[in-house]
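Asker: curious how this folds, go ahead:
(2 chains)
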Number of protein chains: 2
Amino acid sequence: MNDIDLSLITSPADIRKMNLTELTQLAAEMRGALIEKLSAHGGHVGPNLGMVEAVIALHYVFDTPKDKIVFDVSHQTYPHKMLTGRMKAFTDAAHYDDVTGYTNPAESDYDLFSLGHTSSAVALAAGIAKARDLKSGNENVITVIGDGSLSGGVAFEGLDYGATLGTNFIVIVNDNQMSIAENHGGIYADLRLLRNTNGTAEPNLFRSMGYDYHYVNYGNDLASLIKMFRSVKDINHPVVIHLNTMKGMGLPVAEAHKEEYHFSGPFDPKTGAPVKNTNPSPEFYSDLFAKGMLRRMHENKNVVTITAGTPGVLGFDKARRNEAGDRFIDVGIAEQAAVDLASGLAKGGMRPVVGFVSSFLQRAYDQFSQDIALNHQPATFVIFYGSMFGMNDETHLGFFDIALLSNIPDLLYLAPTCKEEFEAMLDWAVSQNKHATVIRIPGSVAVSNPKIKLLEDYSTPHYEIVRQGTEVALIGAGMMFGIMAQASDLLAEQGIKATLINPRNLSELDTTTLDTLKKYKAVITAEDGIIDGGYGQKVASYLGEAPVKVINLGLPKEFLNRYSYSELQSRCRLTPQQIAQIAIQLTK
Amino acid sequence: MNDIDLSLITSPADIRKMNLTELTQLAAEMRGALIEKLSAHGGHVGPNLGMVEAVIALHYVFDTPKDKIVFDVSHQTYPHKMLTGRMKAFTDAAHYDDVTGYTNPAESDYDLFSLGHTSSAVALAAGIAKARDLKSGNENVITVIGDGSLSGGVAFEGLDYGATLGTNFIVIVNDNQMSIAENHGGIYADLRLLRNTNGTAEPNLFRSMGYDYHYVNYGNDLASLIKMFRSVKDINHPVVIHLNTMKGMGLPVAEAHKEEYHFSGPFDPKTGAPVKNTNPSPEFYSDLFAKGMLRRMHENKNVVTITAGTPGVLGFDKARRNEAGDRFIDVGIAEQAAVDLASGLAKGGMRPVVGFVSSFLQRAYDQFSQDIALNHQPATFVIFYGSMFGMNDETHLGFFDIALLSNIPDLLYLAPTCKEEFEAMLDWAVSQNKHATVIRIPGSVAVSNPKIKLLEDYSTPHYEIVRQGTEVALIGAGMMFGIMAQASDLLAEQGIKATLINPRNLSELDTTTLDTLKKYKAVITAEDGIIDGGYGQKVASYLGEAPVKVINLGLPKEFLNRYSYSELQSRCRLTPQQIAQIAIQLTK
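Answerer: Alright, predicted model coming up:
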């Protein structure tokens, strides 16, 4: 068998000339290149290794980019990028960062959407199919969605609508029997039944929604895939192709440890062992959270921990999930249900604590508002990666949640500044039965401040005046408190005694404390989120009639992509030096 | 047959003593009382008339309130309220307004949630069931959801999780073959098939999700219902009971015109004719919108109008839907899919315009952010009832959408002040292909301002200075512009020449204009939404360093319930007189 020169593959046209033997060799070489890049660079391991053959077969059979493919979540599109003009980003280490980890229309016409949240692709593709129908086009419209993403409500909404198109609409269900962790939900029993019966069983979720249905048991076999895709090409009605694939295929450690190798940092490609960081391992909030919740669940049998498909983010590995037993609940990728489940559990006398990735909780705004806050349910929500120093893909930004959640009535939004304060706020939240509470973890690496002044009760806004100054006040929310403290040190060196404040609560103002600032020359607020709609603007509005100048620091209202943390910090004037400089100018 | 004295029914215990004949008589009398109240008072007609028997049977068979019933949307709970201590609110006109139109825990222990958005009840009930299981309780947990609500993604998420409980969990699907208007979605073919086969057909959506399943063909027959509910009482696993009911049952006009009598104002109980308002009928924005969209669709074959289950709100009655043909798309109650469909349509070269009720668009925040704004899709969203003068049930408030949507990057939020401006903004929005745009309709009754200065392009913020003054500026957004104009008239009478500004755009600031106000004594902003996270706070923040005083007027961050419009307006200092008074004090 001859080698394939991957560098010669510049578009799907180059693979359409190949025979099955060559395509098989292509898959092997692509997989090899992927393992090499992933082991050196990190990324989504399992999803991409499992989809090499299916992606080759799709581009082989369908006339892309005329035929349209919308990949759900799009974290499985490395093979797609390799075949659509971006091979070098996977074969040449110097170019590894030329491409994003998701589809990106700025990179290629083969990429239809910038997409990183799950479950939306079916509805997006349905829109493309409907546009085609209204324009009397004849291209195929295909969407690829994983079994894990099927539990998201918008996937169901998209499938429900898509079934009514009555025209060409091809839904590829990539069933690798995993979400990020294991799947949860009633539909997974049906998927298993379908796999076990070679797709012949009733009931069939997809048929019940109005789809034609075909099953491919060997979803990593090119010949089977090509045959199936050819059979549905130009089909005149909606169809689901259910593929049984192997997540992590071709990398034994990823096949064996699917959750750990869903996404991974650099690892040894032979053993799979993570590349050791020579620095001592820092203490992470996810670890603290999981340990703390196990303690709380042990102390109080009414405490329950909930995740929507991201147990690892919450520090709950398999051992800890087992330890927590039936009081650790994973609803699958279903943020809305996670919030409503918490509401129902609270109504039933439990003390639910839900952990969310900042960017993903956006799915559940209405449930936060209607089912938690309006109903005064004593549920607690802990936000992970809510920071400019968190994920920096434009699809996963963590700086919108303050504006999103802190403006909901009757929902406390607490921003601890260190691990001691985080634990105290969480202890308080699960101890009471009156307030719905959001607690935002300040970064990922735990920060300690043993001198922090803790409260017994966080239900009413009560700012901590950490240092009493005179003319200028620095209010640093959450993660930004430490930076403000450094700025106040710099000011002290200049002989300026600034009042340093930890506001603790970003949803309600401590007007008693703010009133004392009205005669100041300046108040500077800093928060780890967009300025628009955020905390600082509440302060500016409250002090709008007073002579004091108010400066709100925070992030611009922009979808930043793969930004440099330090450059952004400087651009936003959020370094201690810049803040001190602003204070000096305002107090002149 | 003896009459039943409805006033003697104070709790479900009173009906558990009755025999079938008495229960049948009870149903007839309750239905009569409902028709009398609804015809005089207005309310949800069809949903309640269709559920009289099922609600009686539920309370007859189950041991409420120990057994728990969660009603989805809860607009069908008038019969439930009649049986649970609130009969007088349905039999005594003086007490008609003693109860809300939805379940309300403040009214009764039989009401578990304050609930008015669709599709969430299954997940809420799953939480209650899980709490029961963790506490080793043995009560039945029942949820009642309509066929129309099944299309909402959170309903699917809840069903998917609920199936995994493995314990008592009873889902009553009230299939009256209607959403508010007709149903849309692939699942409705399955429901029809199940009805046509007396529940025996495969595929079966509910079985495919892991539920046991039973069908009741005569869902308004007490004997059938009681028999079925008895058979599943204390069941040890999740089950769906699929009821075939008649929406509007017992009121011929409501049976015949299900969409029109889903919700109705007062009507003649004999003929169903609406009670004529003696005033000349005003011009409503919904009517203007529908006429305008039909024109735009006629002029440009790429224009599409989309609704998520509320065509009537958009002014699209059946005749207009027919006129629009396949370019009027109703995705059913599925707000997330509606937004994503618009994104896909825009990507496919169409010009989608989605109409949303302010309170319901909350479901789709993530799709607005990720799938529209981040992807720069030229889709347009028109917000209905986004006002303090709109719906005043705590579950349907229309004053959160500015804070919700105007803080999303790359999403234009436009606030027209009158019908001419609304039409101009909408014309511009569908004419261009670069900007995702939200347009908020200013109230429900159309206001005309022929002197309004219109723009060719609304993509960049450009404030209209309607009157040039000196010391004080009044910035009135959307609906509040007219009030600000009146305030400026009052000020003129006092010799104070105020600058009157229509900001047009609430998502980005016109800093050029704002810079000219820095030397003013005061700037007053008014918006028809909560102050927190809203437009005015952006102005306060921007002007925070300037000596000008800034006052932000708007609504408090509260879940107000059935409030008086005029009292709220006064409380918020939003009358022209109050605003003029504030301006006078600030310019002293």
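
Asker: partners of the lengthiest strand in chain A in the sheet?
Answerer: As assigned by DSSP state E, the longest strand anywhere in chain A is strand A:522-530. With DSSP bridges as the test, strand A:522-530 is paired with strand A:472-476 (parallel), strand A:549-555 (parallel).

Asker: okay, the ones you listed, which one's buried deepest?
Answerer: Of all the strands paired with strand A:522-530, strand A:472-476 carries the top mean neighbour count, a mean of 29, counting by mean count of other CB atoms under 10 Å in any protein chain shown. Where you see a C-beta, it was placed from the backbone N, CA and C, and this is true even at glycine.

Asker: chain center to that strand, what's the gap?
Answerer: 31 Å (CA atoms, centre = their mean, to the nearest Å).

Asker: for that strand, the averaged confidence score.
Answerer: Predicted confidence along strand A:472-476 averages 98 (mean pLDDT).

Asker: what about the stretch 1-150 of chain A, any weak spots by pLDDT?
Answerer: Where the stretch 1-150 of chain A drops to pLDDT under 70, the residues are A:1-2.

Asker: that one against chain B: which residues are in contact?
Answerer: Residues of the stretch 1-150 of chain A lying near chain B by CB under 8 Å from any CB of the partner chain: A:70, A:105, A:112-117, A:120, A:123-135.

Asker: please pick the buried ones from those residues.
Answerer: Buried residues within the residues of the stretch 1-150 of chain A next to chain B, counting neighbours by 16 or more other CB atoms under 10 Å in any protein chain shown: A:70, A:112-117, A:120, A:123-134.

Asker: quick revisit: if you look at the residues of the stretch 1-150 of chain A next to chain B, which of them are in helices?
Answerer: A:123-134 (DSSP state H).

Asker: how about the residues you listed in JSON lines, adding distance to A:Lys66?
Answerer: Compiled in JSON lines, these are given as follows (distance: CB to CB, whole Å):
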{"residue": "A:Ala123", "distance to A:Lys66": "22"}
{"residue": "A:Leu124", "distance to A:Lys66": "18"}
{"residue": "A:Ala125", "distance to A:Lys66": "15"}
{"residue": "A:Ala126", "distance to A:Lys66": "18"}
{"residue": "A:Gly127", "distance to A:Lys66": "17"}
{"residue": "A:Ile128", "distance to A:Lys66": "12"}
{"residue": "A:Ala129", "distance to A:Lys66": "14"}
{"residue": "A:Lys130", "distance to A:Lys66": "17"}
{"residue": "A:Ala131", "distance to A:Lys66": "14"}
{"residue": "A:Arg132", "distance to A:Lys66": "11"}
{"residue": "A:Asp133", "distance to A:Lys66": "16"}
{"residue": "A:Leu134", "distance to A:Lys66": "17"}
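
Asker: tell me the domain boundaries of chain A?
Answerer: A:6-264, A:285-440, A:464-587 (automatic domain parsing).

Asker: residue ranges for the helices of the stretch 251-400 of chain A, please.
Answerer: Along the stretch 251-400 of chain A, counting by DSSP state H, counting those that start in this stretch, helices occupy A:252-256, A:285-299, A:318-324, A:335-347, A:365-366.

Asker: quick one: which of the ones you listed is nearest B:Phe156?
Answerer: For these, proximity to B:Phe156 was assessed by CB to CB; helix A:335-347 is nearest, at 8.8 Å.

Asker: circling back to that earlier point, identify whichever of the helices of the stretch 251-400 of chain A lies nearest to chain B.
Answerer: Among the helices of the stretch 251-400 of chain A, helix A:335-347 comes nearest to chain B, with 1.8 Å by CB to the nearest CB.

Asker: what about the stretch 151-300 of chain A, any weak spots by pLDDT?
Answerer: A:276-278.

Asker: nearest to chain B: which residue in it?
Answerer: A:Gly153 (2.1 Å).

Asker: run a quick neighbour tally on that residue.
Answerer: By the criterion of other CB atoms under 10 Å in any protein chain shown, A:Gly153 has 29 neighbours.

Asker: who's in contact with the nearest residue to it once chain neighbours are set aside?
Answerer: Spatial nearest neighbour of A:Gly153, excluding adjacent residues (CB to CB, 6 or more residues apart in numbering or on different chains): B:Gly153 at 2.1 Å. By CB atoms under 8 Å, 6 or more residues apart in numbering or on different chains, the contact set of B:Gly153 is A:152-157, A:336, B:119, B:334, B:336-337, B:363.

Asker: ok, the residue lying closest to A:Ala181 once chain neighbours are set aside to A:Arg192 distance?
Answerer: Residue nearest to A:Ala181 in three dimensions, not counting chain neighbours: A:Glu259, with 4.8 Å by CB to CB, 6+ apart. According to CB to CB, to the nearest Å, A:Glu259 and A:Arg192 sit 18 Å apart.

Asker: which residues of the stretch 151-300 of chain A fall in strands?
Answerer: A:169-175, A:212-216, A:238-244, A:263-264 (DSSP state E, counting those that start in this stretch).

Asker: just the stretch 351-500 of chain A next, same as before
Answerer: Under DSSP E, counting those that start in this stretch, the stretch 351-500 of chain A gives strands at A:351-357, A:380-384, A:411-414, A:436-440, A:464-467, A:472-476, A:499-502.
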